[in-house]
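J.: Whatever this is, show me its structure:
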Amino acid sequence: MIAALLGALASVGGAALGADASSKAADYNYRMDLLNYYAREKERRQTYQTAQRQEEEAKLGSTDAQGNRTYFKPGVGWVVDASDETKQLQELYRNEELAQLQNDLPQRRERMNANDVRQYR
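T.: Here you go, the predicted model:
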């Protein structure tokens, strides 16, 4: 009987120690989860702040190699101010297109019509 009583006491003591160890392990896991959560939140905030800073820097604008200035204008959006050289090139391009539409295409059409007339006589 004493052996059974000692066995029961050992079981109760073992269960109490096991419950205490389980409680400590759960407490440790909770603390680790909490630390991980705080670390993730800190990383998320830093990522957000970095993205905001990059967006603000991008909105300041930049100037490319040709001297064209690109910047963000609130209420309008992205704006490009062309340099004098770029404006001059655009004007030359427009003039060349206009010359082609006014001169080259009508001449080509006349030649095609003349070729059609000669071909079907």
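
J.: where does this structure have low pLDDT?
T.: 1-21 (pLDDT under 70).

J.: Tell me who's in contact with the most centrally placed residue in it.
T.: When CA atoms, centre = their mean is applied to the chain, the residue found nearest the centroid is Ala51 (8.8 Å). Counting by CB atoms under 8 Å, 6 or more residues apart in numbering, Ala51 makes contact with nothing. Yep, even glycine has a C-beta here, placed from its N, CA and C like the rest.

J.: Against Thr70, how distant is it?
T.: 20 Å (CB to CB, to the nearest Å).

J.: Next: Ala99.
T.: When Ala99 is compared with Thr70 (using CB to CB), they lie 31 Å apart.

J.: which of these two has more neighbours?
T.: More neighbours surround Thr70 than the other of Ala99 and Thr70, with 13 against 10 (other CB atoms under 10 Å).

J.: Kindly list the main-chain dihedrals of the more buried one?
T.: phi -120, psi 130 (degrees, to the nearest 10).

J.: coming back round to it: I'd like to know how far the residue nearest to the centre of the chain sits from Phe72.
T.: 15 Å.

J.: which residues in this protein form helices?
T.: 2-60, 84-99, 105-119 (DSSP state H).

J.: can you list the ones you listed in a markdown table and add distance to Gly77?
T.: Rendered in a markdown table, the data for the helices of the chain read as follows (distance: least, CB to CB, whole Å):
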| stretch | distance to Gly77 |
| --- | --- |
| helix 2-60 | 10 |
| helix 84-99 | 20 |
| helix 105-119 | 36 |
